[in-house]
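In: The following comprises the amino acid sequence and a computationally predicted model.
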Amino acid sequence: MRREWLDEFADKYSRKVKLPFLTNARFDMCTEEYVKNLARAGCKTLLMGVETGNAELREKVLGRKMTNALMSDVF
């Protein structure tokens with residue numbers, strides 16, 4: 001997701017819609033800025049799933065470039 005799009009979304013949604021929402025996110029997207037923008041927009045719940053704890057399976061079969069360290073750092 002482009003940072004500019006999320007900035008614009010957070011501004012417009014918080015002004016025009018003003019309803020709490022939940023969304024899904026990937027571990028590799030969850031920077032501090034990303035989470036702060038979601039919260040500013042009205043996000044109350046951020047759902048993340050660990051597809052597998054097996055790094056080889058995650059990378060080779062699922063095509064996810066997330067490390068175990070990255071996923072544990074988010075929490």
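Out: Thanks, I have the structure now. Numbering: from 1, shown residues only.

In: Please list all residues in contact with Ala41.
Out: 9-10, 13-14, 21 (C-beta atoms under 8 Å, 6 or more residues apart in numbering). Using the backbone N, CA and C atoms, a C-beta is placed for each residue, glycine as well.

In: Going through those, which ones are buried?
Out: Those of these that meet the buried threshold are 10, 13, by 16 or more other C-beta atoms under 10 Å.

In: Which members of the contacts of Ala41 occur in strands, if any?
Out: Phe21 (DSSP state E).

In: Would you format the contacts of Ala41 as TSV with distance to Glu56 and pLDDT included?
Out: What follows is those, written out as TSV (distance: C-beta to C-beta, whole Å; pLDDT from 0 to 100):
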residue	distance to Glu56	pLDDT
Phe9	36	96
Ala10	37	96
Tyr13	39	97
Ser14	41	96
Phe21	35	98
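
In: okay if I get the contacts of Ala41 as a markdown table plus distance to Thr31?
Out: Shown next, in a markdown table, are the contacts of Ala41 (distance: C-beta to C-beta, whole Å):
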| residue | distance to Thr31 |
| --- | --- |
| Phe9 | 16 |
| Ala10 | 14 |
| Tyr13 | 19 |
| Ser14 | 19 |
| Phe21 | 19 |
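
In: And the contacts of Ala41, which is closest to Ala39?
Out: Using C-beta to C-beta, Ala10 comes nearest to Ala39 of these, at 8.6 Å.

In: hang on, the closest one packs against Tyr34?
Out: No - if you go by C-beta atoms under 8 Å, Ala10 and Tyr34 don't touch, sitting 10.2 Å apart.

In: Show me the beta-bridge partners of Cys43.
Out: Here Cys43 sits in beta bridges with Phe21, as judged by DSSP bridges.
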